[in-house]
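*Asks:* I need the structure of the sequence given here:
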Amino acid sequence: MMDIVLSNSSEQPIYEQITLQIKDSIIKGTLKEAEILPSIRNLAKELKISVITTKRAYEELERDGFITIVPGKGTYVAAQNKDLLRESRIRIVEEKLLEAVNASKSSDLTFDELVEMLKLLYEEDI
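*Replies:* I've put the predicted structure just below:
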């Protein structure tokens, strides 16, 4: 069973929460190459959500090369290039940091205040 936690209070759609958590598990190595994943129906039942939502998450994961769906056989973790995966995650972090920098500039935060805020948030998350 995969450990997926959904949040109704999140601004992210549910399928995106599933997609990101599965990607993270693959990147961290919690889910290994060729490991079988729950069927779309079983995952939907497990998470108490719509089959359409889990189908969309799996389709996104397959499109992005994280999983392989073999009709009649199952869904598997695809072979991964760890460097490419890490680069894609770094790019996402850079985009989010750019948003934060722009927001801080428009709020007249100093660089030092922004760095302090980042330190606090980073240490809190550990």
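*Asks:* which other helices and strands contact the longest helix along the chain?
*Replies:* If you go by DSSP state H, the chain has its longest helix at helix 82-106. Counting contacts by 3 or more CB pairs under 8 Å, 6 or more residues apart in numbering; DSSP states H and E, helix 82-106 is packed against helix 14-28, helix 111-125. Yep, even glycine has a C-beta here, placed from its N, CA and C like the rest.
*Asks:* Identify all contacting residues around it.
*Replies:* 23, 26, 27, 113, 114, 117, 118 (CB atoms under 8 Å, 6 or more residues apart in numbering).
*Asks:* now swap in stretch 11-19 and tell me
*Replies:* 4, 6-7, 10, 20, 43, 47, 49, 53-54, 56-57, 60-61.
*Asks:* which among these gets closest to residue 78?
*Replies:* residue 61 (8.6 Å; CB to CB).
*Asks:* how close does that closest one get to residue 19?
*Replies:* 6 Å (CB to CB, to the nearest Å).
*Asks:* now swap in residue 6 and tell me
*Replies:* 12 Å.
*Asks:* Tell me which of these two has more neighbours.
*Replies:* Of the pair residue 6 and residue 19, residue 19 is the one with more neighbours under other CB atoms under 10 Å, namely 20 against 14.
*Asks:* Let's check: the centremost residue of this protein is which one?
*Replies:* residue 20 (1.3 Å; CA atoms, centre = their mean).
*Asks:* List the contacts of that residue.
*Replies:* Contacts of residue 20 (CB under 8 Å, 6+ apart): residue 12.
*Asks:* With the one 5 residues further on instead?
*Replies:* For residue 25, the set of contacting residues under the criterion of CB under 8 Å, 6+ apart consists of 2, 3, 31.
*Asks:* among these, which ones are buried?
*Replies:* residue 31 (16 or more other CB atoms under 10 Å).
*Asks:* Reformat the contacts of residue 25 into a markdown table and put distance to residue 15 and pLDDT next to each item.
*Replies:* Below are the contacts of residue 25 laid out as a markdown table (distance: CB to CB, whole Å; pLDDT from 0 to 100):
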| residue | distance to residue 15 | pLDDT |
| --- | --- | --- |
| 2 | 15 | 76 |
| 3 | 17 | 86 |
| 31 | 18 | 91 |
